[in-house]
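[1] have a look; sequence and predicted model below, questions after that.
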Amino acid sequence: MKTRISILFTLMIAAVLLTACAAPVGEIPLGTQDNGLQVELDKGRVLVISLESNPSTGFGWHIADIDETVLKQVGEIEFIAASGDEGLVGAPGVEVLRVEAVGSGSCTLTLTYNRAWEDVAPEQTYTLTVTVP
């Protein structure tokens, strides 16, 4: 009888631990091919958007539109030089932006590739429609 209770107790603890570990966590990588995508994202999950860039030209990716009650930028936009080009002045690479789902709702995340000081249409636009249940 003691063994049966011990086994049941162990199984109950294992079930609780598995349920706790199943919570949505982690990052979802996206790139140029995902432009225009509709994404459903659980609270706490992070979109990692990597887009080609060459900051030495003055161009960079910027957030043009975001609903901060639904999505929040995590950290700064990071530039990563193309493999083998690390340390080369003017080398192209990718800019990486992270946004976290922080509240329920739906919003359009719009990124523009432009020179921040110029008042002209962006060279490129990247959009995602994000829904957080």
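    Arrived safely, thanks for sending.
[2] the chain: helices as residue ranges?
    With DSSP state H as the criterion, the chain has helices at 2-21.
[3] pull up the gap between D42 and V102, please.
    Using C-beta to C-beta, to the nearest Å, D42 is found at 11 Å from V102. (C-beta placed from N, C-alpha, C; glycine too.)
[4] find the residues that touch each one of the two.
    Shared contacts of D42 and V102, defined by C-beta atoms under 8 Å, 6 or more residues apart in numbering, comprise V132.
[5] more crowded one of these two?
    Neighbours per residue (other C-beta atoms under 10 Å) separate D42 from V102, with V102 holding more: 16 against 13.
[6] what sits against the more buried one?
    Residues in contact with V102 (C-beta under 8 Å, 6+ apart) are K43, E68, T69, V70, L71, K72, V132.
[7] and it, what pLDDT?
    Taken from the predicted model, the pLDDT recorded for V102 is 98.
[8] do the same with V99
    98.
[9] name the residues linked to the residue nearest to the spatial centre of the chain by a beta bridge.
    With distances taken as C-alpha atoms, centre = their mean, the residue of the chain nearest its centroid is L47 (1.7 Å). With DSSP bridges as the criterion, L47 is bridged to I28, V99.
[10] brilliant, that's me finished.
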